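Trainee: sharing a model prediction with you, sequence too.
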Amino acid sequence: MRLDALTRFRLSTMMFLEFFVWGAWFVTLGTYLANDLQASGSQISLAFLTQSLGAILAPFIVGLIADRFFAAQRILGVLHLFSAVMLFLAGRQEDFGAFFVFALLAMVSFMPTLALANSISFRRMESPEKQFPGVRVFGTIGWIIAGLLIGWLGWESGDALSNTFVMAAIGSALLGVYAFTLPHTPPETSDGPATVRDILGLDALALLKTRSYLVFFVASILICIPLAFYYNFTNLYLNEIGVPGAAAVQSLGQVSEVLFLLIMPLMLKKLGIKRTLLIGMLAWAARYALFAFGDAGSMIWLVILGLLLHGVCYDFFFVAGQIYTDRFAPKKVRSAAQGLISLATYGVGLLIGSLISGPIVDAFLAADGTHRWLTIWLIPAALAVLVTVFFASLFREQETADAVR
């Protein structure tokens with residue numbers, strides 16, 4: 001299907017709002033909880049765990065409801081309108097228990113919309129591998145704009161981060177209404193009712209019979225454990241060491257993500273999949289080491305460099321891993337394989353990472369209420385190095401999976 005300029009604009013606007021909503025409150029969540037609700041590190045990690053729970057439940061919502069009974073744009077609208085209410089209420093709570101309930105409901109309704117937004121886009125495209133990046137990049141721009149707005153409005157320094165939930169709720173409500181105007185995307189025809197096996201992509205488990213993909217799969221879960229430290233505590237770290245406009249500064253990571261995404265095809269061609277994935281893993285270790293020895297004074301350049309490594313960290317592992325999965329898996333299980341790897345990383349991997357990162361951060365709480373960040377960051381750096389050694393030692397590049405042919 002030809003992607004005309006108007007349709008491209010409509011889909012790009014959808015992506016912009018989708019990731020604006022996420023970036024508007026999730027980046028500064030750790031700082032908000034620590035400062036406004038006096039949450040511990042373990043509680044902050046529990047709050048970020050809502051993302052993993054949402055990712056685990058998302059296949060059921062999309063597979064059992066959206067893909068079978070309702071047009072994708074309509075369920076997208078309903079979920080965002082519900083999420084808008086939950087986000088607004090989350091920002092009004094004064095204790096962590098009540099906040100967690102509303103945040104969980106917000107994420108359970110939000111995470112399925114990521115797949116729905118992709119589905120709406122793919123169904124309008126003749127060549128998604130060529131056309132989708134130009135639409136998806138507006139999502140990254142939306143995330144960047146959210147961070148810049150938070151910095152420009154001074155909400156972090158002014159103890160006004162509760163406003164981020166209002167901003168996210170407004171964005172979610174706008175997208176909820178706008179979704180009903182998007183191109184009609186009815187359910188795909190199906191030969192029968194969806195099963196749990198279909199929804200979870202369990203047919204792709206046969207790929208794990210092949211050693212190369214099994215090593216990649218395990219490494220994908222393991223690398224998400226140190227990844228949780230970045231998602232959960234970077235903004236708190238930046239604010240504690242005194243970086244002004246931390247959320248805006250943190251958006252440098254998304255700027256680099258755009259740049260490295262553009263050179264990804266060249267890197268894969270020049271380096272191959274194994275070296276590309278290894279560079280992504282090592283970048284996580286390097287980033288945490290830079291954070292450990294950086295500060296807001298003369299060593300601020302280390303912090304900035306660590307943030308700019310986000311493009312390498314994310315694109316060279318997650319995007320390259322998605323491309324590898326698409327190349328490796330036979331056509332009949334490609335969609336299931338992508339669903340399974342997403343469930344493993346954003347679901348299982350980040351869930352484990354969130355459960356262990358909080359207690360570790362709590363263990364290095366200083367007497368003045370701040371944290372001993374040098375020690376904290378060296379722990380995920382070491383974890384990333386161990387995962388890299390595991391992957392480098394056991395992974396053998398292979399183009400296809402004979403096990404599921």
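Mentor: Nice, thanks for sending it over. Numbers count the residues shown, from 1 in each chain.
Trainee: ok, Gly23 touching Trp143?
Mentor: Yes - judged on C-beta atoms under 8 Å, Gly23 makes contact with Trp143 at a distance of 3.6 Å. From N, CA and C alone the C-beta is placed, and that goes for glycine too.
Trainee: which residues of the stretch 301-405 of the chain score low on pLDDT?
Mentor: 331-336, 338-339, 398-405 (pLDDT under 70).
Trainee: tell me the average confidence for stretch 218-238?
Mentor: Mean per-residue pLDDT for stretch 218-238: 92.
Trainee: can you check stretch 93-106 too?
Mentor: 94.
Trainee: which residues touch it?
Mentor: Residues from elsewhere that reach stretch 93-106 (C-beta atoms under 8 Å, 6 or more residues apart in numbering): 33, 37, 39, 43, 46-47, 50, 53-54, 82-83, 86-87, 89-90.
Trainee: top of those by neighbour count?
Mentor: Greatest neighbour count in the contacts of stretch 93-106, by other C-beta atoms under 10 Å, goes to Leu87: 29 neighbours.
Trainee: helix or strand: which one has it?
Mentor: Per DSSP states H and E, Leu87 falls inside helix 72-90.
Trainee: and that helix, what does it pack against?
Mentor: If you count contacts as 3 or more C-beta pairs under 8 Å, 6 or more residues apart in numbering; DSSP states H and E, helix 72-90 packs onto helix 5-26, helix 96-122, helix 163-179.
Trainee: touching the shortest one from outside, list them.
Mentor: The set of residues external to helix 163-179 that reach it, using C-beta under 8 Å, 6+ apart, is 13-14, 17-18, 20-22, 24-25, 28, 32, 73-74, 76-81, 83-85, 87-88, 90-92, 110, 146, 149-150, 153, 155.
Trainee: returning to that earlier point: joint contacts of Gly23 and Trp143?
Mentor: Shared contacts of Gly23 and Trp143, counting by C-beta under 8 Å, 6+ apart, come down to Ser251, Gln254.
Trainee: neighbour count winner among the two?
Mentor: Set Gly23 next to Trp143 and count neighbours by other C-beta under 10 Å: Gly23 wins out with 29 against 25.
Trainee: what's the spacing between that one and Val85?
Mentor: Using C-beta to C-beta, to the nearest Å, we find Gly23 at a distance of 19 Å from Val85.
Trainee: one more: Met15?
Mentor: 23 Å.
Trainee: neighbour count winner among these two?
Mentor: Met15 (23 against 17).
Trainee: buried sites along stretch 170-187?
Mentor: For stretch 170-187, the neighbour count (16 or more other C-beta atoms under 10 Å) marks Ile170, Gly171, Ser172, Ala173, Leu174, Leu175, Gly176, Tyr178, Ala179, Leu182, Pro183, Thr185 as buried.
Trainee: Val137: neighbour count?
Mentor: A count of nearby residues for Val137, using other C-beta under 10 Å, gives 17.
Trainee: wait, doesn't Met299 sit right on Phe293?
Mentor: Yes - Met299 lies in contact with Phe293 (C-beta under 8 Å); the separation is 6.5 Å.
Trainee: was I right about Asp295 contacting Leu238?
Mentor: No - Asp295 is beyond contact range of Leu238, at 10.7 Å (criterion: C-beta under 8 Å).
Trainee: which neighbours do the two share?
Mentor: Val303.
Trainee: higher neighbour count, the two?
Mentor: The residue with more neighbours, out of Asp295 and Leu238, is Leu238; 25 against 15, by other C-beta under 10 Å.
Trainee: which SS class is the more buried one?
Mentor: Following DSSP: H, G, I helix; E, B strand; the rest coil, we place Leu238 in the helix state.
Trainee: quick one: it and Val249 touch, right?
Mentor: Yes - between Leu238 and Val249 there is a contact at 6.6 Å, judged by C-beta under 8 Å.
Trainee: okay, now the domains of this structure?
Mentor: Domain segmentation of the chain under automatic domain parsing yields 1-186, 197-405.
Trainee: residues contacting Leu53?
Mentor: Per C-beta under 8 Å, 6+ apart, neighbours of Leu53: Leu104, Met107, Val108, Leu351.
Trainee: max pairwise distance over those residues: which two?
Mentor: Greatest spatial distance among the contacts of Leu53 (C-beta to C-beta): Val108 and Leu351, at 13.9 Å.
Trainee: I figured Leu11 was touching Arg136, is that so?
Mentor: No - counting by C-beta under 8 Å, Leu11 stays clear of Arg136, with 9.2 Å between them.
Trainee: and the longest helix for the protein?
Mentor: Counting by DSSP state H, the longest helix found in the chain is helix 252-293.
Trainee: check which helices and strands that helix is in contact with.
Mentor: helix 128-153, helix 211-240, helix 300-308, helix 310-314, helix 320-328, helix 373-394.
Trainee: got these as a markdown table, with distance to Ser256 columns?
Mentor: Listed next are those as a markdown table, based on distance: least, C-beta to C-beta, whole Å:
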| stretch | distance to Ser256 |
| --- | --- |
| helix 128-153 | 10 |
| helix 211-240 | 14 |
| helix 300-308 | 5 |
| helix 310-314 | 3 |
| helix 320-328 | 15 |
| helix 373-394 | 18 |
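Trainee: relative to Trp284, which of the ones you listed is closest?
Mentor: Of all those, helix 373-394 sits nearest to Trp284, with 4.1 Å by C-beta to C-beta.
Trainee: picking up where we left off before, would you list the buried entries among the contacts of helix 163-179?
Mentor: Buried residues within the contacts of helix 163-179, counting neighbours by 16+ other C-beta under 10 Å: 13-14, 17-18, 20-22, 24-25, 28, 32, 73-74, 76-81, 83-85, 87-88, 90-91, 110, 146, 149-150, 153, 155.
Trainee: coming back round to it: CA atoms only for the helix holding Leu87, dumped as CSV, please.
Mentor: Extracted in CSV, the C-alpha atoms of helix 72-90 (Å, rounded to 0.1, in the frame of the first residue of the first chain):
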residue,chain,number,x,y,z
ALA,A,72,-6.9,-1.4,16.3
GLN,A,73,-7.4,2.4,16.2
ARG,A,74,-10.5,2.1,18.4
ILE,A,75,-8.9,0.0,21.1
LEU,A,76,-5.9,2.3,20.9
GLY,A,77,-8.3,5.2,21.7
VAL,A,78,-10.1,3.5,24.5
LEU,A,79,-6.8,2.4,26.2
HIS,A,80,-5.3,5.9,26.0
LEU,A,81,-8.4,7.5,27.4
PHE,A,82,-8.4,5.1,30.3
SER,A,83,-4.7,5.6,30.8
ALA,A,84,-5.2,9.4,30.9
VAL,A,85,-7.5,9.1,33.9
MET,A,86,-5.1,6.7,35.7
LEU,A,87,-2.1,8.9,35.1
PHE,A,88,-3.9,12.0,36.4
LEU,A,89,-5.1,10.1,39.5
ALA,A,90,-1.6,8.7,40.1
